[in-house]
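>>> here's my sequence, what's the structure:
(one chain, ligands or ions: 1)
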Amino acid sequence: MQVTGPRGTNDILPGDVERWHLVEERIRSLCRIYGYHEIRTPIFEHTELFVRGIGEATDIVEKEMYTFTDKGDRSITLRPEGTAPVVRAYLEHKLYAAGNPTKLYYLGPMFRYERPQAGRYRQFTQFGVEVFGSRHPAVDAEAIALPVHLYQALGIKDARVQINTIGCPECRPAYRQLLKDSLRDRVDQLCPSCQRRYERNPLRLLDCKEESCRRVTADVPTIYDSLCEECRDHFDRLQVYLEAAGIDFEVNPRLVRGFDYYTKTVFEFSSSSLGAQDALGGGGRYDGLVEEVGGQPTPGIGFAVGIDRILLAMERQGAAAPAPDGVKVFIASLGEAATLAAVTLLSQVRRAGIPAEMDYLGRSLKAQLKAADKSRARYAVIVGDAELAKEAAVVRNLATGEQAEVSLAEVTLHLKEALK
Ligand code: HAM
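Numbering: from 1, shown residues only. Sure, this is the predicted structure:
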């Protein structure tokens, strides 16, 4: 029986991969413009990092991690997200020593054991950034502006930006209590997951998608009246800065996110073209996480966007797909002596930076020229016996049929000129 790929994973094939390259190139170019440096952390970490970082009572840690015991009896987890690993690396390599703010970005696969559907996979790719060492709300505005810039640059026209604040350890406990008090008599009307959340993580009640929960929580108080002075000021200034940067946004008091590390600002990007899994990206501030992972108190903020979903949104909105790079020159030859000359030419032409191919299937000259046409090469170089005797080859323009005899030593130069 043929072995297939695991559920929730994707092969990215030639013809599709060019879109990935386009997105990756845009990302790297924007990171240069915004002043972020790339960091690459391992695909797996000690499980404890995620339990401590993301939080025990989150869906990710409770149900979605790929965790296994390795041969050394250590508990290892495939990274479900990039923030906790980047915090770990930031501390382990004392990146703060070079002076904060430290601005890092990453691009790579993440793993979550979720129920696969369109836009939701068990292996998916994220681009994310993390900024350490600044409490300034202008950094929050930057962390929202960069992904918005990316979506626009990629032709995603309908990216919606929602922001909220979830307070800090000073003011959140009082709001949590207020929320619980307001729902005390109606807990039994909540879905089973929310009944558990009521005790462990009541803020998550606000973003439950179940209709019944939405009804029950429709009239609960928002956090805004419970915010401490600092959180209120931070949220107000963030909105002023976003306006100054020309970013359209909506304030959504129900936006809370699935990680325990967030403080103050949280935000999410979505596209209606995506259907049920409509989140293009999300992020927030995490001023307590560095300390949680063992460092000195250090503020942090970041976001991650799902590349798989960006590509889906681009496709659904008809954003242009780049054409795959094609071969430009096909070298056709017949007989051993000519093939030897073709191998030399192929090497020279490629070293001159010209994408080139030759026949590897032992085809007739006619079949080779047909293959050259099919490959959409612009020129064929034909090395026949008669030309070889004169140390020359025929260079044929495959579109016009025009051809010229060129000495072997000058073929590469000739092609370079012709392809200019
Ligand atoms: P997140 O909201 O869990 O945040 O993930 C960010 C984005 O990754 C989502 O909006 C979505 O586009 C994509 N994504 C998540 N799960 C899947 C999946 N199963 N299949 C396809 N795409 C998916 C984080 O991961 C935080 N670490 C973001 C962050 C960085 N916060 C602060 N810094």
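>>> would you mind giving the domain segments of the protein?
Following automatic domain parsing, the chain resolves into domains at 17-171+227-316, 329-415.
>>> out of those, which is closest to the ligand?
Comparing the domains of the chain against the ligand with CB to the nearest ligand atom, the closest turns out to be domain 17-171+227-316 (2.5 Å). All C-beta spots, glycine's among them, are computed from the backbone N, C-alpha and C.
>>> V131 in helix, strand or coil?
strand (DSSP: H, G, I helix; E, B strand; the rest coil).
>>> if we can go back for a sec, any idea which of the domains of the chain is most buried?
With neighbours taken as mean count of other CB atoms under 10 Å, the domains of the chain reach their highest mean count in domain 17-171+227-316, at a mean of 18.
>>> residues contacting F303?
By CB atoms under 8 Å, 6 or more residues apart in numbering, F303 lies in contact with 128-129, 143-144, 146-147, 267, 281-284.
>>> need the domains of the chain in CSV (columns: distance to the ligand and mean pLDDT).
Output for those, formatted as CSV (distance: least, CB to the nearest ligand atom, whole Å; pLDDT from 0 to 100):
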stretch, distance to the ligand, mean pLDDT
domain 17-171+227-316, 2, 97
domain 329-415, 33, 95
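>>> in TSV, list these along with distance to R196.
Listed next are these as TSV, based on distance: least, CB to CB, whole Å:
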stretch	distance to R196
domain 17-171+227-316	9
domain 329-415	58
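>>> hang on, the earlier thing: restricted to helices, list the contacts of F303.
Within the contacts of F303, residues falling in helices by DSSP state H are 143-144, 146-147.
>>> in a markdown table: those, plus distance to D248.
Listed next are the ones in helices among the contacts of F303 as a markdown table, based on distance: CB to CB, whole Å:
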| residue | distance to D248 |
| --- | --- |
| A143 | 16 |
| I144 | 11 |
| L146 | 15 |
| P147 | 13 |
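>>> please enumerate the helices of the stretch 251-400 of the chain.
Ranges of helices in the stretch 251-400 of the chain, per DSSP state H, counting those that start in this stretch, are 289-292, 307-316, 336-351, 365-374, 385-389.
>>> ok, now which ones touch the residue nearest to A404 when sequence neighbours are not counted?
Using CB to CB, 6 or more residues apart in numbering and skipping the chain neighbours, the partner closest in space to A404 is V395 (5.6 Å). Contact analysis of V395 by CB under 8 Å, 6+ apart lists 379-382, 403-406, 411, 414-415, 418.
>>> out of these, which is nearest to R120?
Y379 (46.2 Å; CB to CB).
>>> the closest one contacts A332, doesn't it?
No. Assessed by CB atoms under 8 Å, Y379 is found out of contact with A332, at 10.7 Å.
>>> CA-only coordinates of stretch 324-344 in PDB, if you can.
Extracted in PDB, the C-alpha atoms of stretch 324-344 (Å, rounded to 0.1, in the frame of the first residue of the first chain):
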ATOM      1  CA  PRO A 324       7.700  30.000 -12.300                       C
ATOM      2  CA  ASP A 325      11.200  30.700 -13.400                       C
ATOM      3  CA  GLY A 326      11.700  29.000 -16.700                       C
ATOM      4  CA  VAL A 327      14.700  27.600 -18.500                       C
ATOM      5  CA  LYS A 328      16.100  30.100 -21.000                       C
ATOM      6  CA  VAL A 329      18.500  27.900 -23.000                       C
ATOM      7  CA  PHE A 330      18.300  24.300 -24.100                       C
ATOM      8  CA  ILE A 331      21.500  22.700 -25.400                       C
ATOM      9  CA  ALA A 332      20.800  19.900 -27.900                       C
ATOM     10  CA  SER A 333      23.500  17.500 -29.000                       C
ATOM     11  CA  LEU A 334      23.900  14.100 -30.700                       C
ATOM     12  CA  GLY A 335      26.700  11.600 -30.300                       C
ATOM     13  CA  GLU A 336      29.300  11.300 -27.600                       C
ATOM     14  CA  ALA A 337      31.700  14.000 -28.800                       C
ATOM     15  CA  ALA A 338      28.900  16.500 -29.200                       C
ATOM     16  CA  THR A 339      27.500  15.600 -25.800                       C
ATOM     17  CA  LEU A 340      30.900  16.300 -24.300                       C
ATOM     18  CA  ALA A 341      30.900  19.700 -25.800                       C
ATOM     19  CA  ALA A 342      27.300  20.200 -24.600                       C
ATOM     20  CA  VAL A 343      28.300  19.400 -21.000                       C
ATOM     21  CA  THR A 344      31.100  22.000 -21.200                       C
END
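>>> ok, the closest residue to R396 other than its chain neighbours to A392 distance?
In this structure, R396 finds its nearest non-sequential neighbour in Q403, 4.0 Å apart by CB to CB, 6+ apart. Remark: distance between Q403 and A392 (CB to CB, to the nearest Å) = 12 Å.
>>> ok, now A386?
Using CB to CB, one gets 9 Å for the distance from A386 to A392.
>>> repeat that for K416.
17 Å.
>>> now do the contacts for the closest residue to V343 other than its chain neighbours.
The spatial neighbour of V343 that comes closest, neighbours along the chain excluded (CB to CB, 6+ apart), is M358 at 7.3 Å. For M358, the contact set (CB under 8 Å, 6+ apart) comprises 330-333, 342-343, 346.
>>> run the last query once more with 6 Å
M358 makes contact with 331, 342, 346 under the criterion CB atoms under 6 Å, 6 or more residues apart in numbering.
>>> kindly report the same for F249.
Contacts for F249 (CB under 6 Å, 6+ apart) come out as 161, 163, 242.
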